[in-house]
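generate a structure from the sequence data that follows.
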Amino acid sequence: MNIRDNTVRAVRVILATASMVLIAGCSSSPTAPEVSYDGLILQEDTSFGLVYTKPGVDISAYESFAVHHCEVAFRKNWQRDQNNTRRATSRRVTDSDMEGIRSSLAELCEAEFLTVLSEEPAYSIISEDQAAAGTLLLRPNIINLDVAAPDISSPGVSRSYTTESGEMTLFLEVADASTGETLFRVVDRRRNLNSMRLQWSNSVTNTADAKRILNAWGQQFREGLDRIYRGDNG
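Numbering: from 1, shown residues only. Predicted structure coming up:
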């Protein structure tokens, strides 16, 4: 990984966060702009919170797909807010804890989109290094991640009980791999609510909740893709 790649990724996450400021609240927000900062048009009646598309774009001519590395960004001040509720220094969320959560969630996110693309009837999937003209590049990002009770490594036995595991927002761009031009942008906020009874939250339950949200996003994306490529309106 070179400096330029890291810079490009950082810029994309910054743009994603800036966009969320403009369209906070997703589908419930009356302030979502009709035209995005890069000329994409807001679509109506979509299964995602917000969908923007390039005017006149037709992706059905693209023959293959590649999935870019997923970037994960926490909600602003998440670490500070978590640590304000933890008296013991050994129970505080460290930068290393955050990096572990980011890495795990990024892997789950990438795996989900690769999985839905490979479900029968499968689409052609290639590595990003092989992507060229005729390839659609999926650039998934998770932003505003808010884990209600992170399971961190610390001495002793400690359990956290919550009625929800948290929330996160998908910021997905679908681009022409050869030019880098964004053709579609999806923004969708999801919050995982358990029953109103307190439940023990740990890495297993948090991962399971994240997988459920990611699977819902993946299936929605696949359904939209099938409608475009195969005329599936079911």
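
need the helices for the protein, in chain order.
Secondary structure of the chain, counting by DSSP state H: helices at 3-22, 78-84, 95-118, 203-230.

low-confidence stretches in the chain?
Counting by pLDDT under 70, the chain shows low-confidence ranges at 1-30, 153-165, 193-202, 232-234.

OK, contacts around residue 128?
66-68, 137, 177 (C-beta atoms under 8 Å, 6 or more residues apart in numbering). Yep, even glycine has a C-beta here, placed from its N, CA and C like the rest.

residues contacting residue 147?
Shown in contact with residue 147 (C-beta under 8 Å, 6+ apart): 78, 101, 165-166, 206.

is it possible to export the contacts of residue 128 to TSV including neighbour count?
Output for the contacts of residue 128, formatted as TSV (neighbours: other C-beta atoms under 10 Å):
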residue	neighbour count
66	22
67	22
68	19
137	22
177	22
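
between those residues, which is closest to residue 146?
Among the contacts of residue 128, residue 68 lies closest to residue 146 (C-beta to C-beta), at 23.5 Å.

am I right that that closest one is in contact with residue 137?
Yes - applying C-beta atoms under 8 Å as the test, residue 68 and residue 137 come out as touching, 5.9 Å apart.

residue 48 and residue 216, how far apart?
Distance of residue 48 to residue 216, computed by C-beta to C-beta, to the nearest Å: 10 Å.

partner residues bridging residue 188?
residue 170 (DSSP bridges).

was I right to think it contacts residue 141?
No - using C-beta under 8 Å, residue 188 and residue 141 do not qualify as a contacting pair, with a distance of 11.6 Å.

give me the common contacts of these two.
Common contacts of residue 188 and residue 141 (C-beta under 8 Å, 6+ apart): residue 170.

coming back round to it: quick check: the two most widely separated of the contacts of residue 128?
Between any two of the contacts of residue 128 (C-beta to C-beta), the greatest distance is 10.8 Å, for 67 and 177.

what is the neighbour count of residue 57?
Residue 57 is flanked by 15 other residues according to other C-beta atoms under 10 Å.
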